[in-house]
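Chemist: what's the 3D shape of this:
(2 chains)
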2 protein chains.
Amino acid sequence: MSATNTQVLLASRPQGWVKESDFRIVENPIPQPKDGEILVKHLYLSLDPYMRGRMSDAKSYAANVAIGGVMVGEIVGEVTQSRHPDYRVGDLVVGRLGWQLYATSNGQGLRKIARGRVPLSAYLGVVGMPGATAWIGLYDIGEPKPGETVVVSAAAGAVGSLVGQLAKIRGCRTVGIAGGKPKCDHVVQELGFDACVDYKAGNVADDLAAATPDGIDVYFENVGGDVFKAVLPRLNPFARIPLCGLVAQYNDTEPRGMPDMRTFLTKRIKLQGFICSDRMERWPEALAQIERWVIEGRIKFHETVAEGLASAPRAFIGMLKGENLGKQIVKLT
Amino acid sequence: MSATNTQVLLASRPQGWVKESDFRIVENPIPQPKDGEILVKHLYLSLDPYMRGRMSDAKSYAANVAIGGVMVGEIVGEVTQSRHPDYRVGDLVVGRLGWQLYATSNGQGLRKIARGRVPLSAYLGVVGMPGATAWIGLYDIGEPKPGETVVVSAAAGAVGSLVGQLAKIRGCRTVGIAGGKPKCDHVVQELGFDACVDYKAGNVADDLAAATPDGIDVYFENVGGDVFKAVLPRLNPFARIPLCGLVAQYNDTEPRGMPDMRTFLTKRIKLQGFICSDRMERWPEALAQIERWVIEGRIKFHETVAEGLASAPRAFIGMLKGENLGKQIVKLT
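Modeler: Residues are numbered from 1 along each chain as shown, chains lettered A, B, ... in the order given. Next up, the predicted model:
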């Protein structure tokens, strides 16, 4: 056990792109659990696009991180001290305990996880928050029917890679959009998508048309911006757009509009923003089924792993730029 | 019976605003019904914003009117000859038989209506297509709950005036947006809305904020453009936007975007375009209930009536500019 608790704090609110200097790494004493609390030693930290929103002071669906506060984030950890009747030393938990090596908790918002079924880091990805996000967005909001065409952007990312596999299981033609040939190859060859469009190759509109000969029935939106503009003309009547993220726009300093509102009327399109935590009642079914499919080998996942908490700021910036393949994790021990 | 069938044809596709010269009025022989057909003498013609779309060659949800073709539109008429087993002379019907004084029909798409329950012209409005549109958009897509705030644009129009009254019946705070004090007074004093914002008064954002102290839960969209921009910041989390029309944009020559896509994500907003004819199975319940409420005096409707088919082009252009109050009708006899 290290003698101090390393923490990553928010040093300043980014203007435009996030910089490493927007974070500050500090050492503080390891906190002591009070009655009814546990001490958790963190093993893995999750890095997710939503954290960009928490760094700003723009009004959003959740409270922002204060300047000087510990960065928000999910971790997988192990209970090392317990003064809580429901937890024992050695229990494994997942929860939003932040970019640090230790935290105390009264158990609120924590989820106990099993040892030995899937790799522990998967509870931050495919059987964690990104998994629930993919399930709720695709199945509950997108409502894909067998034979329909599902397109997902950021297809090589934590959520997108699962969306495509869930769509395949549902019997859909599944097309990813990703940046660069290595990601597109991964999506098709490793994850089993029917096709993948490389938005960096310069012909998104034509390539998307070729990959979606029957148009698009569900577009799972993770990025926004120019990719969204390319998708819009391919949408079929009654298309559904679960709006999960806008990572291409998070560093914008001005609001960005949607092109061609008339299309939403003439094609009777449904666009619906959602946050997975609005539907916690759906998580148990979703994560239990995804875990079974992972164990059976029907769902694959890939991780990009940074080593050590000090690497988190750089890895986070890289993820916002799309440098990761699959889920971005920081291994803490 | 006049000796000829007066018809209004589409003479040219409008560029920007519709002009009277985009129409041509002609006289042709009255058609003769074949076996299995009826001849219908038209009594009232409906003028509706969707017809603007049918005049253009832009791809939409329905076929466009051909140059030289009879303008599309719903009429109420009386059967004057019948070679169809299900129709007798004197039967009253409503259907999409076009801007003309007579038409033959095999009965497809026609609906028989009763004499003496509500004024015949109401079957083109509150108990017709606009009525079904208001019902489906508000109740099925907007899903307002008692106590929520519903805002509707074009509130003095055929659809908007009914949307607000249906929202009041559901127990919602109901706010209209309309152009000019006379329309706003009508909406509040005659139709019973809680408030109405005059978008021509110059302070839409402030006036809307004052009229919606608890924010907006359902925004029934008929107009688009600047009104939509003013509404967006007032929307509550989980707001629903039934997208029914974009009359402020129909004469645009360039697509117009939606402002601030990020709001749809952070507030988890649902936007859904719809066309009432996609859900014909909902019409019988909707129109039967609306008719009962009209007879009971719980729902009021107002009409602006133009006299004679030759006045239809000018009345149509006036309606697109918002000169009508309530449903725009042309009385043909």
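
Chemist: what about A:Q289, how many residues close to it?
Modeler: 16 (other CB atoms under 10 Å in any protein chain shown). From N, CA and C alone the C-beta is placed, and that goes for glycine too.

Chemist: any idea how far B:K270 is from it?
Modeler: 25 Å (CB to CB, to the nearest Å).

Chemist: Is A:P130 in contact with A:A154, as I believe?
Modeler: No: taking contacts as CB atoms under 8 Å, A:P130 lies outside contact range of A:A154: 10.9 Å.

Chemist: beta partners of the residue nearest to A:F220 when sequence neighbours are not counted?
Modeler: Spatial nearest neighbour of A:F220, chain neighbours left out: A:V152 (4.1 Å); criterion: CB to CB, 6 or more residues apart in numbering or on different chains. Under DSSP bridges, the beta-bridge partners of A:V152 are A:G176, A:F220.

Chemist: near chain B, which residues of chain A?
Modeler: A:53, A:59-61, A:224, A:228, A:237-238, A:243-246, A:249, A:255-275, A:278 (CB under 8 Å from any CB of the partner chain).

Chemist: which residues touch the most far-flung residue of chain A relative to its centre?
Modeler: Distance from the C-alpha centroid of chain A peaks at A:D35, with 34.0 Å (CA atoms, centre = their mean). Taking CB atoms under 8 Å, 6 or more residues apart in numbering or on different chains, we find A:D35 in contact with A:R83.

Chemist: Tell me if it really is in a helix.
Modeler: No: assignment of A:D35 by DSSP: H, G, I helix; E, B strand; the rest coil gives coil, placing it outside any helix.

Chemist: can you pull the pLDDT of it?
Modeler: Note on A:D35: pLDDT of 97.

Chemist: Need phi/psi at it.
Modeler: Per-residue torsions, A:D35: phi -50, psi 130 (degrees, to the nearest 10).

Chemist: One more: A:D194?
Modeler: Torsion angles, degrees, to the nearest 10, at A:D194: phi -70, psi -30.

Chemist: thought it was touching A:Q165?
Modeler: No: with contact defined as CB under 8 Å, A:D194 and A:Q165 do not form a contacting pair (11.7 Å).

Chemist: so what's in contact with the two at the same time?
Modeler: Counting by CB under 8 Å, 6+ apart, the residues touching both A:D194 and A:Q165 are A:T174.

Chemist: Return the distance of stretch A:319-333 from the chain's centre.
Modeler: 10 Å (CA atoms, centre = their mean, to the nearest Å).

Chemist: Convert the C-alpha atoms of that stretch to PDB, please.
Modeler: The C-alpha coordinates for stretch A:319-333 follow below in PDB (Å, rounded to 0.1, in the frame of the first residue of the first chain):
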ATOM      1  CA  MET A 319      -9.400   9.400 -26.200                       C
ATOM      2  CA  LEU A 320     -11.200  12.600 -27.100                       C
ATOM      3  CA  LYS A 321      -9.100  12.700 -30.300                       C
ATOM      4  CA  GLY A 322     -10.000   9.100 -31.100                       C
ATOM      5  CA  GLU A 323      -6.600   7.600 -30.400                       C
ATOM      6  CA  ASN A 324      -8.000   4.600 -28.400                       C
ATOM      7  CA  LEU A 325      -9.300   1.400 -29.800                       C
ATOM      8  CA  GLY A 326     -12.200   0.100 -27.700                       C
ATOM      9  CA  LYS A 327     -12.500   1.000 -24.100                       C
ATOM     10  CA  GLN A 328      -9.900   3.400 -22.600                       C
ATOM     11  CA  ILE A 329      -8.800   2.100 -19.200                       C
ATOM     12  CA  VAL A 330      -6.100   3.300 -16.800                       C
ATOM     13  CA  LYS A 331      -4.400   0.400 -14.900                       C
ATOM     14  CA  LEU A 332      -3.600   1.800 -11.400                       C
ATOM     15  CA  THR A 333      -1.600  -1.000  -9.800                       C
END
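
Chemist: For that stretch, list every residue counted as buried.
Modeler: A:319-320, A:322, A:324-330, A:332 (16 or more other CB atoms under 10 Å in any protein chain shown).

Chemist: quick check, nearest of those to A:S161?
Modeler: A:G326 (5.8 Å; CB to CB).

Chemist: related to what we said a few turns ago, mind telling me the two of the buried residues of stretch A:319-333 farthest from one another?
Modeler: Maximum distance among those (CB to CB): 23.7 Å, for A:G322 and A:L332.
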